[in-house]
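S.K.: Just the structure for this:
(one chain, ligands or ions: 1)
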Amino acid sequence: MKKETTTAYPINTLIENRWSPRVFGTEAISEEQLRVLFEAGRWAPSSNNHQPWVIIWGIKGTEAYDRIYSCLDEFNQSWANNAQALMLGGYKKTTPDGKDNFHALHDLGLFMGNVSVQAQQLGIALHQMAGVNYKKAMTEFAMPDNYHIATATAIGYYGGDLDKLSDDLQEEETKLRSRKSQHSFTFNGDFNEQIFEK
Ligand SMILES: Cc1cc2nc3c(=O)[nH]c(=O)nc-3n(C[C@H](O)[C@H](O)[C@H](O)COP(=O)(O)O)c2cc1C
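M.R.: Numbers count the residues shown, from 1 in each chain. You can find the predicted model right below:
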């Protein structure tokens, strides 16, 4: 399913056409396809080239997938088993010299940005999720305290059976995408919170 996106300026069609579904096609996602996505992420820029990202991944039908699924919150569990692959996105919180890496979350975001554009080119959809029990995930996957798990991502081909979703989620699935206007968050001078909040 394609969603209409009304952009204010012409942009790259991979960015324009990306959206976050909660149902996916039945075609499997292979390790090779995931490796292509991770390779795109691997070439993202990062502060000091620290590359703080950590990815834990699993393909449907495997134990790793079930273990990732078990770390999702209840709402996300209600639909994320439609995905053909699941991953957790984490990062190392400290730099090699032991200081806080304040930009690690930013860099994981850049990694995921690359992954989402690469996925779009392959017809693969992502649905990122903040709703993860990160403490459970860190214990489940043996991550030390100086790491953090920020998100999970559901992965699969676009297309899928809407009937697999509750009525509420079917409505969400078909809703038009929306965004704040550029003027509400771009300032050619002082920040203005009243404009930002609109
Ligand atoms: C970091 C992050 C966390 C998100 N968390 C969730 C989530 O827990 N559950 C969910 O259903 N969608 C989640 N989303 C999806 C967003 O709601 C979605 O990207 C947003 O509504 C814009 O829609 P679009 O991606 O289709 O353009 C998350 C997206 C991001 C980037």
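
S.K.: Please count neighbours and contacts with C-alpha atoms only from this point.
M.R.: Noted.

S.K.: quick one: contacts for the most centrally placed residue in the chain?
M.R.: Centroid check for the chain by C-alpha atoms, centre = their mean gives Gln128 as the closest residue, at 3.0 Å. Gln128 is in contact with 20, 151-154, counting by C-alpha atoms under 8 Å, 6 or more residues apart in numbering.

S.K.: now, which of those sits nearest the ligand?
M.R.: Distance to the ligand across these (C-alpha to the nearest ligand atom) is lowest for Ser20, with 3.9 Å.

S.K.: From what I see, the closest one and Met129 are in contact.
M.R.: No. The criterion here is C-alpha atoms under 8 Å, and Ser20 misses it with Met129 at 10.1 Å.

S.K.: Output the contacting helices and strands for the lengthiest strand in the chain.
M.R.: Using DSSP state E, we find that the single longest strand of the chain is strand 147-157. Helices and strands touching strand 147-157, by 3 or more C-alpha pairs under 8 Å, 6 or more residues apart in numbering; DSSP states H and E, are strand 85-92, strand 124-129, helix 134-140.

S.K.: List the strands paired with it, with their directions.
M.R.: According to DSSP bridges, strand 147-157 forms sheet pairs with strand 85-92 (antiparallel), strand 124-129 (antiparallel).

S.K.: Serialize these to JSON lines and add fields for mean pLDDT.
M.R.: Below are the strands paired with strand 147-157 laid out as JSON lines (pLDDT from 0 to 100):
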{"stretch": "strand 85-92", "mean pLDDT": "98"}
{"stretch": "strand 124-129", "mean pLDDT": "98"}
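
S.K.: ranking those by burial, who's on top?
M.R.: Neighbour counts (mean count of other C-alpha atoms under 10 Å) averaged over each of the strands paired with strand 147-157 peak at strand 85-92, with a mean of 24.

S.K.: Send over that strand as CSV, restricted to the C-alpha atoms.
M.R.: This file holds the C-alpha atoms of strand 85-92, laid out as CSV (Å, rounded to 0.1, in the frame of the first residue of the first chain):
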residue,chain,number,x,y,z
ALA,A,85,12.2,-9.6,11.1
LEU,A,86,12.7,-7.7,14.3
MET,A,87,15.6,-5.7,15.6
LEU,A,88,16.7,-3.8,18.7
GLY,A,89,18.7,-0.6,18.2
GLY,A,90,21.1,0.2,21.0
TYR,A,91,24.2,2.2,21.6
LYS,A,92,27.3,2.4,23.8
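
S.K.: Tell me the first helix or strand C-terminal of it.
M.R.: Going down the chain from strand 85-92, the next helix or strand is helix 104-121, by DSSP states H and E.

S.K.: and that next one, anywhere near the ligand?
M.R.: No. For helix 104-121, no contact with the ligand is found by C-alpha under 6 Å from any ligand atom; the gap never falls below 8.0 Å.

S.K.: Nice, that's everything, thank you.
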